[in-house]
Every structure is written in structure tokens, then in C-alpha cells.
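>>> have a look at this prediction, sequence included:
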Protein chains: 2
Amino acid sequence: MSVIFSRQCEYALQAVLYLALKPAGTMISIKELTKKLGIPYHFLAKILQDLANQGLLRSMKGPTGGFTLAHPATEITLFHIVEAVDGLDFLNTCVMGFPDCSGNNPCAVHSQWGSLRDGIHSMLVHKNMADLAKEITKPEYKSS
Amino acid sequence: MSVIFSRQCEYALQAVLYLALKPAGTMISIKELTKKLGIPYHFLAKILQDLANQGLLRSMKGPTGGFTLAHPATEITLFHIVEAVDGLDFLNTCVMGFPDCSGNNPCAVHSQWGSLRDGIHSMLVHKNMADLAKEITKPEYKSS
DNA sequence: GTAATATTAGACCAATTAGTCTGAAATGTC
DNA sequence: GACATTTCAGACTAATTGGTCTAATATTAC
Ligand code: FES
Ligand code: FES
């Protein structure tokens, strides 16, 4: 199992971060992304298409075509991507799997989990792509 | 998607908690568990068998048979159950899906995720079944 | 010992998620 | 306009997880 987010979502996060590192408006092809990030070509294609349809990315066909951020990197957060790919269910589901995660009918770890979840939530909301681009040290993002 | 743990693991947590509410040594049948907790009978059977094989539960066949905790409720933590069912991968995998989650090659949210993860980890370790049994208010656990 | 009741074991099926393939449509270059 | 290169759309396959079914075995009660 992956941690919290689906693999699809993880790939989306990685790819969008890669785009954020390029000068605004630069078109990046799936080919380049798949080569640098090691994500299966056609799978990534579908994910990016989806993000484009949802307005997070812009795309263009033909040679010199590719994908680019649809908004300034400062305005795209991790949260936007997670929301677009996996949805927001993780914000109100119970760790122990009980159906109603709320103050009404809390499980025995509800309050503790609540604050941890808030922590995750705020991490996602406060980290925008420009921040991440500045902090990233992974080599696959750095070369050319 | 479930939050962090597989559905199997969620069911295990719910079931073990149910056992912890009964006087030590009381044998509880799958039938009772499945009725009270709404978990599919045969699926739960497999999960409990597995927990028994791993030494967390004791089981007995025949009428008056069933399952019971193999150790005092104070000595079984959420962590023990998660470890037995899902394993400990969640403790060292990257939120963004990168292969190596460590200080060597951290992603841009590694340190923040690290402390949140530690929070989850310590929640699991510090909550034992006796604690949970005391705190639980869910009706399905309370009636006889 | 017989019958009833419970777990055990393992094969099996269903649903979801991950990943592949093919062909069409758009765009840039010559 | 022909051609190469790219995304686009959707059907398809593979793998994992969730869930079902059946027959066997152990135990209790009569
Ligand atoms: S009810 Fe369990 S985490 Fe909210
Ligand atoms: S490297 Fe991403 S969370 Fe550790």
C-alpha cells in the first residue's frame, strides 16, 4: 500500500513538481517526464490529460507541444493536485474504518487522529509548487 | 481509498477492540463479531485466523469456541495489530511516492511528513486495547 | 457415539487500481 | 500539402485487494 495517496496521485505530484521547475510556459513532453521520473509513459499520459481537463495544466499538441502549468507555481499547492486526483475523502474518514468520522460518534482515536490529519491537511495547503521547486534536491529534477 | 491502513487492517482493529471489551478469556465467535460490527463473515474469519497464527489471538473450535486475546489488553497496542496485518511499510515510504524516503535523498516535504508520521506512530504505540476499551462510546460495542 | 457448532484451510470470484495499446486529431516544419 | 511529432480518447489487460464458498477438523453436549 502507498501512504495515504494513490499511486496515480503520487505520479501527478511528481510530474507537476517537475513542470514547476521549468520557466513558466515551457512545454514539456510526456517523453521527457517519463524518462526523468521513471513513470510508465501511457499511464502518465492519462494522468496529465486528466489534470489538463481539470484546469491544472495546459497542453498543446504537435512538435514543440507538451504540458505546462496552467497557473503560476505559487498558486498551485499539493492540496490542489490531491484534490483533483484522489479527492478529499481522506479528510473525513476514520483511521479504524468506522463509517461516521465525526464528533457525533467518535472512535477511540478520533481526536488524536483529527489533529494529525489537520497537520497533513495544512502541510498540503501551505506548500505551493514554487516552494517545493526551491527546496527540491533530487537529482532527477536538477539536470538540465 | 482507506486512510493509511487496508480495509483488512481496519476490520482487525475493530474486532480486536471488541474482544478487549469482554472479560479476559471470554471466547467470542465470529458470528457475534460479524453481527455486531457488520464485517463480512468469511472475510473476518480469515483475518482472525491470521491474527491467531501470529499469536495475537487465541482460538478454540467447537461450541463455546471462538476467539480471545492472547495477551492482557494492556499489552496489545494498535501498533501490534497494524504490524501484524499491514506491516510497517508506512513508516518509511514517501508521501510523494519517491523510492527512497530518508535523510539521504529527501523530497520537499520529507521533514514535515516525518514529524506527522512520528505522530501517527506514537499514537499507535501508546494506545493499548485497555485504553481504547475504556474510551469507546460506540453503541455497537456497548450492548451486552 | 452422534449431532451440533465452531474454527481452519484453501480454492475461488468480484471489484478496484495500475498499466498497456492502438488509432485519431492537432500542430509545427519543410 | 506531406510529414513528423505530439496530445487525446477509449478500449483493453494485469495485478492487487476485497470478499465468497465449500469441505475438513476439532470440541462440546446429549
Ligand atoms: S471516528 Fe475514527 S478517526 Fe474519527
Ligand atoms: S522522501 Fe518524501 S516523505 Fe521522505
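It's in. Ligands and ions are numbered 1, 2, ... in the order given.
>>> tell me what A:F67 is bridged to.
Each beta-bridge partner of A:F67 is listed here, defined by DSSP bridges: A:I28, A:S59.
>>> residues from chain A in reach of DNA strand D?
Residues of chain A lying close to DNA strand D by C-beta under 7 Å from any atom of the strand are A:1, A:29-31, A:42, A:45-46, A:48-49, A:52-53, A:59-63, A:65-67. In short, each C-beta sits where N, CA and C put it, glycine included.
>>> which stretches in chain A count as helices?
Here chain A has its helices, by DSSP state H, at A:7-20, A:30-37, A:41-53, A:78-85, A:110-126, A:129-135, A:139-142.
>>> okay, these in JSON lines with distance to B:W113 next?
Compiled in JSON lines, the helices of chain A are given as follows (distance: least, C-beta to C-beta, whole Å):
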{"stretch": "helix A:7-20", "distance to B:W113": "12"}
{"stretch": "helix A:30-37", "distance to B:W113": "19"}
{"stretch": "helix A:41-53", "distance to B:W113": "22"}
{"stretch": "helix A:78-85", "distance to B:W113": "11"}
{"stretch": "helix A:110-126", "distance to B:W113": "7"}
{"stretch": "helix A:129-135", "distance to B:W113": "13"}
{"stretch": "helix A:139-142", "distance to B:W113": "18"}
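>>> so A:P40 makes contact with A:L33?
No. The pair A:P40 / A:L33 is not scored as a contact, 11.0 Å apart, by C-beta atoms under 8 Å.
>>> which one of these two is surrounded by more residues?
A:L33 (24 against 11; other C-beta atoms under 10 Å in any protein chain shown).
>>> pLDDT at the more buried one, what is it?
At A:L33, the pLDDT value in this model is 97.
>>> if I look at the nearest residue to it once chain neighbours are set aside, how far off is ligand 1?
The spatially closest residue to A:L33, leaving aside those adjacent along the chain, is A:A15, at 5.4 Å (C-beta to C-beta, 6 or more residues apart in numbering or on different chains). Per C-beta to the nearest ligand atom, to the nearest Å, A:A15 is found 31 Å from ligand 1.
>>> ok, now A:C94?
3 Å.
>>> who are the contact partners of that residue?
Listed by C-beta atoms under 8 Å, 6 or more residues apart in numbering or on different chains, the contact set of A:C94 reads A:100-101, A:107, A:110, A:113, B:3.
>>> next one: A:S29
Contacts of A:S29 by C-beta under 8 Å, 6+ apart are A:65-67.
>>> could you do A:L13 as well?
A:L13 touches A:5, A:78, A:81-82, B:96-97, counting by C-beta under 8 Å, 6+ apart.
>>> if you set the cut-off to 6 Å instead, what comes out?
A:81, B:96 (C-beta atoms under 6 Å, 6 or more residues apart in numbering or on different chains).
>>> I'd like to know how far it sits from ligand 2.
Per C-beta to the nearest ligand atom, A:L13 is found 10 Å from ligand 2.
>>> tally of neighbours for the nearest residue to A:D131 once chain neighbours are set aside?
The shortest distance from A:D131 to any residue other than its chain neighbours is 7.4 Å, reached at B:A108 (C-beta to C-beta, 6+ apart). By other C-beta under 10 Å, 24 other residues sit near B:A108.
>>> then A:R7?
13.
>>> any idea how far DNA strand D is from it?
Distance, A:R7 to DNA strand D, by C-beta to the nearest atom of the strand, to the nearest Å: 10 Å.
>>> how about the nearest residue to that residue, chain neighbours excluded?
A:R7 sits nearest to B:G97 (C-beta to C-beta, 6+ apart), 6.5 Å away.
>>> next: A:E32.
A:E32 sits nearest to A:G66 (C-beta to C-beta, 6+ apart), 7.6 Å away.
>>> what does A:W113 give?
Here the residue nearest A:W113, using C-beta to C-beta, 6+ apart, is A:V95, at 4.9 Å.
>>> ok, now A:L48?
Spatial nearest neighbour of A:L48, chain neighbours left out: A:F67 (5.3 Å); criterion: C-beta to C-beta, 6+ apart.
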